[in-house]
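Novice: return atomic coordinates for the entry below.
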Amino acid sequence: MTGLPIQAQDTSGLLPEVAAAKTRYAYEKQRWDQWVAVWQECYDYALPNKTPFYGQGTVNGGQRRNQDIYDLTAAIGTQEFASRLLAGTMPSFARWADLKPGTQVNENQRAELETRLDEVTEEVFSVIRRSNFDTVAHESFLDLAVGTGAWMVEPDRRNWATPVTFTAVPLTDYVLGMGPFNAVDAYFRHRRMRWQQIEVAFPNANLSADARQRIQAQPNGEVTVIQATVRDWSKIDETWTYCAFVESTGDKLDGGVYRGRGANPWIVFRWSRSAGEVYGRGPLMMALPTIKTVNYLTRLTLENAEMAISGMWQVDDAGVVNPDNIVIEPGALIPRAPGTTGMEPLTPGSRFDVSNLILENLKFEIKRALYDETLGAPSGTPMSATEVTERMADLARRIGSPYARIINEAVYPTIKRVVRLLKDAGRIELPQVDGREVTVNTTSPLSKAQNYEDVRNVQMWVSDLVGTYGPEMAAMVSRPEEIARYNAEKLGVPQKLVRSPEEAAQILAQAAQTAQQAGAPPRMSGGG
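Specialist: Next comes the predicted model:
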C-alpha cells in the first residue's frame, strides 16, 4: 500500500486548514478504498445487518442483507467473540482498570497517593457505568473481529450527571492515516448529513452564502461532512488540529486544537497489524475462506435435501404428459398413456452424506478462529471461581499478542481520555497520567488470570516452606505483611481496605507491648 499516486485536489479559494485536511483525506482515502472489498465480504458473511460500504448515502434502511447466508456459524460466532472479548477486557458494571502511582513517586508519598487514586478511579468508573459505554463497546468489538474497532470519547454538554459520551464509529465511516513513526496520526470521519442538520451540529459553522441558500432551498439535501483530526508534529507536546468541513463545497464547519495527553477524542484499536499497514487484520479476515466454503457447502446440502424430498424424475415424451403441468405433492394424480412406463425416479450418481462430516470440521475451525468454546461449553453445576479463572487464562494464552494490543490501544487510552475530560470539568484533581507520576493498570478478568497465577505461586511457596521447615522457619524466611499486600494488589483489592505499613507497625507494637505487660514473650514477626 505504498507509493500511491497523489491525486490533484482543487483547493483554490479554501481556507488553508481546510485545504490541508482535504488533501490529506483524499490521499488516505485511496488506502481505505483498497480494503473495502475484503471488509465488505466479512460484513456479508458475518455481520450482514451492518451498513454496507457500497451505496453509502442512499436510502437503504430496512433492506434484507442476509438472503445469501445459509450457515450462521460465523454470524453467531462473531457476536460471541465480541461479547466474550469485551467481558474479558472491559466487562460491564465492573472496574477493569486502576490508577496507580508511577515510578517517580517517592515511597513516603506512595501510600497516600494510592488512597487518593483509588477514590479517583471509583469516580472514573462511576461515570463510565452511567454512560453509554457498554453498548458502544460491543458495537466496536464487532468491527474488531474484522480487524479494527473505534469509538470517540467526547464531553456530554447536555447531561451533567454523565459528562462523558461514547460514539461507536464503524469501519464504513472513518479513514486513518499513518504517521512518520509507524503509528496513526490522522483520523477522518466522513458521514452524510442533511443541510438543515449542519447548523444544529455545528453552531459556529462558517457557511458561505451559497451554502445558506442551499439550506433554505434544499434543507433535506445530503452532503458529506469530513471531520479531520491530525497530529501536529511541529509541536513538542502532543498536539492535534481539528477541522470539520463540507467535502463538496469546502465550507468550514468547526475547528480547534487539542493539546496534552488524553486530548484526542479518538480511540482506535487493532487486532493485529502487518508492517506498513494502518488498518488491522482480525480473525474474521483469516477465517473468511473457510466461512465462504461452509456457506457454499451448506447451500449445496440444502439443494441436495430438496432433491431428496421432491426427487428427480424422467418421463417418456409420448405427447400425453406435459412436464410443465406436473406437480409433485401428496395425493397428486399424474396421467400416463397406455402402454408407457409413465414417470420413473432418477437416482443421482453421487451422495452428499459426506458433506456433514466436512461441514462439522469446517465449522469447528471457524469457531476456533473466533475463540468460541475454548474449554468446551459449561454444563451441569455453575462454574466455580477456579474454572472461570482457568477459562480466562486459557483464552488469554490463545489470544496472545492481540490482547496486549487491545490493552495498549483501547483500555489505557480510554481511561486517560475519561480522566482528562473529568479534570477539564473540574470533577477530579490528580497529576498527569503519564506513567511516571500516575499510571494505569488493567484489572480485567483476562489480566487477573495471570495475577491469580502469581498469587498461587506465592501460596505454594509459603505452603512448601511450612511443610518442609515448619511455621517458625517460614516466618523467619518470608514476610507475611508484604505477602498479604502483594496478594491484595494482584487481586485488585481496593486500597482503602488495606492498612498502610505505618498502621500495621503501630498495631504490631501495641500487640507486643500488651504481651510484654501480660508477662508473655512477644510474638515473632515475619519482618525477615
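Novice: on the three-state scheme, A186 is what?
Specialist: With DSSP: H, G, I helix; E, B strand; the rest coil as the basis, the three-state label of A186 is strand.
Novice: list the contacts of it.
Specialist: Applying CB atoms under 8 Å, 6 or more residues apart in numbering, we find A186 in contact with 24, 28, 176-179, 228-231. Where C-beta positions appear, they are placed from N, C-alpha and C, glycine not excepted.
Novice: highest neighbour count among those residues?
Specialist: With neighbours taken as other CB atoms under 10 Å, the top of those is A228, carrying 26 neighbours.
Novice: can you tell me the helix or strand for it?
Specialist: strand 222-231 (DSSP states H and E).
Novice: for that strand, packing partners?
Specialist: Secondary-structure packing of strand 222-231 (3 or more CB pairs under 8 Å, 6 or more residues apart in numbering; DSSP states H and E): helix 16-46, strand 184-194, helix 195-201, strand 239-246, strand 252-259.
Novice: repeat that with 6 Å
Specialist: Applying 3 or more CB pairs under 6 Å, 6 or more residues apart in numbering; DSSP states H and E, one finds that strand 222-231 contacts strand 184-194, strand 239-246.
Novice: quick check, central residue of this structure?
Specialist: Nearest residue to the geometric centre of the chain (CA atoms, centre = their mean): F141, 3.0 Å.
Novice: surely that residue is in contact with L86?
Specialist: Yes: using CB atoms under 6 Å, F141 is in contact with L86, at 5.1 Å.
Novice: buried ones in whichever strand or helix holds the residue nearest to the centre of the chain?
Specialist: If you go by DSSP H and E, F141 is part of helix 133-146. Buried positions in helix 133-146, judged by neighbour count with 16 or more other CB atoms under 10 Å: 133, 136-146.
Novice: now whichever helix or strand comes after it: buried residues?
Specialist: As assigned by DSSP H and E, the chain's next helix or strand after helix 133-146 is strand 148-155. Judged by neighbour count using 16+ other CB under 10 Å, the buried positions of strand 148-155 are 148-153.
Novice: can you redo those as CSV with distance to A37 and pLDDT?
Specialist: Below are the buried residues of strand 148-155 laid out as CSV (distance: CB to CB, whole Å; pLDDT from 0 to 100):
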residue, distance to A37, pLDDT
T148, 16, 96
G149, 20, 96
A150, 20, 97
W151, 25, 97
M152, 26, 96
V153, 31, 95
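Novice: which one of those residues sits closest to Q513?
Specialist: V153 (53.7 Å; CB to CB).
Novice: return the most buried member of the helices and strands packed on strand 222-231.
Specialist: By mean neighbour count, with neighbours taken as mean count of other CB atoms under 10 Å, strand 239-246 ranks first of these at a mean of 22.
Novice: quick check: angle from it to strand 252-259?
Specialist: 170 degrees (axes from the mean of the first three to the mean of the last three CA atoms, to 10 degrees).
Novice: what's strand 239-246 in contact with?
Specialist: Outside strand 239-246, the residues that touch it by CB atoms under 6 Å, 6 or more residues apart in numbering are 17-18, 21, 223, 226-232, 252-259, 264.
Novice: average pLDDT across that strand?
Specialist: If you average the pLDDT over strand 239-246, you get 95.
Novice: repeat that for stretch 77-94.
Specialist: Mean predicted confidence for stretch 77-94 is 90.
Novice: mind listing what's buried in that stretch?
Specialist: Applying 16+ other CB under 10 Å to stretch 77-94 flags 77-82, 84-90 as buried.
Novice: okay if I get the residues you listed as CSV plus secondary structure and distance to Q517?
Specialist: Output for the buried residues of stretch 77-94, formatted as CSV (DSSP: H, G, I helix; E, B strand; the rest coil; distance: CB to CB, whole Å):
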residue, secondary structure, distance to Q517
G77, helix, 69
T78, helix, 69
Q79, helix, 67
E80, helix, 64
F81, helix, 64
A82, helix, 63
R84, helix, 59
L85, helix, 59
L86, helix, 58
A87, helix, 54
G88, helix, 54
T89, helix, 54
M90, coil, 54
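Novice: show me the shaky parts of the stretch 251-400 of the chain.
Specialist: Residue ranges of the stretch 251-400 of the chain with pLDDT under 70: 309-323, 325, 328-355, 373-396.
Novice: and the strands in it?
Specialist: With strands called from DSSP state E, counting those that start in this stretch, the stretch 251-400 of the chain shows them at 252-259, 266-270, 313-315, 343-345.
Novice: with the stretch 401-528 of the chain instead?
Specialist: Along the stretch 401-528 of the chain, the stretches classed as strands by DSSP E, counting those that start in this stretch are 438-442.
Novice: now do the strand holding A228 and strand 266-270, the angle between them.
Specialist: Using the same axes, to 10 degrees: strand 222-231 against strand 266-270 is 80 degrees.
Novice: just checking: what are the partner strands of strand 222-231?
Specialist: Strand 222-231 has its sheet partners listed here by DSSP bridges as strand 184-194 (antiparallel), strand 239-246 (antiparallel).
Novice: now the angle from that strand to strand 148-155?
Specialist: Going by the same axes, to 10 degrees, strand 222-231 makes 90 degrees with strand 148-155.
Novice: sec struct for A74, please.
Specialist: With three-state DSSP as the criterion, A74 reads helix.
Novice: what sits against it?
Specialist: Residues near A74 by CB under 6 Å, 6+ apart: 45-46, 291, 366.
Novice: ok, back up a step: of the strands paired with strand 222-231, which is nearest A509?
Specialist: Comparing the strands paired with strand 222-231 by CB to CB, strand 239-246 comes nearest, at 53.4 Å.
Novice: can you put the strands paired with strand 222-231 in CSV and add distance to V38?
Specialist: Formatted as CSV, the strands paired with strand 222-231 follow (distance: least, CB to CB, whole Å):
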stretch, distance to V38
strand 184-194, 20
strand 239-246, 29
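Novice: for A201, find the nearest of these.
Specialist: Of the strands paired with strand 222-231, nearest to A201 by CB to CB is strand 184-194, at 6.9 Å.
Novice: E154 bridge partners, please.
Specialist: Beta-bridge partners, per DSSP bridges, of E154: T165.
Novice: pretty sure it contacts P265?
Specialist: Yes: contact criterion CB under 6 Å: E154 and P265 qualify, at 5.1 Å.
Novice: how close does the residue lying closest to E41 once chain neighbours are set aside sit to L171?
Specialist: Leaving aside its chain neighbours, E41 sits nearest to L288 (6.1 Å; criterion: CB to CB, 6 or more residues apart in numbering). From L288 over to L171 the distance is 15 Å, taken as CB to CB, to the nearest Å.
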